[in-house]
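Enquirer: here is my input, please return the structure:
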Amino acid sequence: MIGGIGGRWGWVHMDVRLDGKVALVTGGGGGFGRAYSSALAASGATVAVADLSLEAAQSVAGEIAASGGRSRAYRVDLRQSSEVAALVEAVVVEFGGLDILLNVGGRSGKVLVKDLPEDEWDAVIDANLKGMFLACKAAIPHLIARGGGRIINMGSNRGIDGQPNGAHYAASKGGVLALSRSLARELKEHRISVNALGPGATDTAMWRRGLSAEEADRRIAAGIIGRPEDFAPLVVLLASDLGYQLTGMTLIRDVYVPR
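Expert: Numbering: from 1, shown residues only. Down below sits the predicted model:
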């Protein structure tokens, strides 16, 4: 586990390139997905941007294309195995293969366990954990066919610390961390690295939910709230050929911000 991540990365000067690589980003239309998709494309990767909202995915893919990158938008419901499998196949057919899977898509919720409806528990677990499992399962044969690849999964420090008033979210993210470590051990022989990210409190629409604009701005001004872009150089490094030996890690931004 590496702490202290979340600064502005001004000290990173490596020119890490992803030319010729094909990346699939699930949840690519959101705050993290947009930042990571853009960073992968800026480093030379072709980026398939998938999201439950096709409009959001198209917005990100359009920005990448406008900047000279290669990208295409896809709609997918990560809870549906048939849609996930079809998405991966479509990306492979369109771009000739798959090298990088970046799983960002998911959802959160705030409710005490004693008041938590079973269907909401299922919805969060399915979106955050089952969807990631389905994406990994569909992508792995194609990564193996390329002689190796990278899987990067969006976890959370809540998967380690827990989250009162959000146990279903914490449980799903704890599952993501365990899934990532298990896959890292399964796939090492195939030259596929698997890592999980825990960016901590970050200025995204999900983080702002339930906060007034004034309170959100106050926390950001305090300097302890990150930006989606803060982890982007790390994502590029993990996705690159240099990231082969970096596997089985959970990289956590170690500033704890209570809600």
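Enquirer: ok, the spatially most distant residue from the centre of the chain to E120 distance?
Expert: Farthest-out residue of the chain from its mean C-alpha position, per C-alpha atoms, centre = their mean: K114, at 29.7 Å. Per C-beta to C-beta, to the nearest Å, K114 is found 13 Å from E120. Quick note: C-beta positions are derived from backbone N, CA and C, even for glycine.
Enquirer: same check on S43?
Expert: 38 Å.
Enquirer: looking at those two, which one has more neighbours?
Expert: Neighbour count, other C-beta atoms under 10 Å: between S43 and E120, S43 has more, with 23 against 14.
Enquirer: could you find the closest non-adjacent residue to that one?
Expert: Spatially, and ignoring its direct neighbours in sequence, S43 is nearest to L18 (4.4 Å; C-beta to C-beta, 6 or more residues apart in numbering).
Enquirer: which residues of the stretch 51-200 of the chain fall in helices?
Expert: Under the criterion DSSP state H, counting those that start in this stretch, the stretch 51-200 of the chain carries helices at the ranges 54-66, 81-95, 118-125, 131-145, 158-161, 167-187.
Enquirer: generate CSV for these, with mean pLDDT and distance to Y74 as supplementary columns.
Expert: Listed next are the helices of the stretch 51-200 of the chain as CSV, based on pLDDT from 0 to 100; distance: least, C-beta to C-beta, whole Å:
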stretch, mean pLDDT, distance to Y74
helix 54-66, 97, 6
helix 81-95, 98, 6
helix 118-125, 90, 22
helix 131-145, 97, 12
helix 158-161, 70, 27
helix 167-187, 92, 22
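Enquirer: out of these, nearest to V236?
Expert: Closest to V236 of the helices of the stretch 51-200 of the chain is helix 54-66 (C-beta to C-beta; 14.2 Å).
Enquirer: tell me which other helices or strands the closest one touches.
Expert: Helices and strands touching helix 54-66, as assessed by 3 or more C-beta pairs under 8 Å, 6 or more residues apart in numbering; DSSP states H and E, comprise helix 31-42, strand 46-51, strand 71-75.
Enquirer: direction included, what does the second one pair against?
Expert: For strand 46-51, sheet partners with direction are given as strand 22-26 (parallel), strand 71-75 (parallel), following DSSP bridges.
Enquirer: would you confirm that L87 contacts Q80?
Expert: No - with contact defined as C-beta atoms under 8 Å, L87 does not reach Q80; the gap is 9.8 Å.
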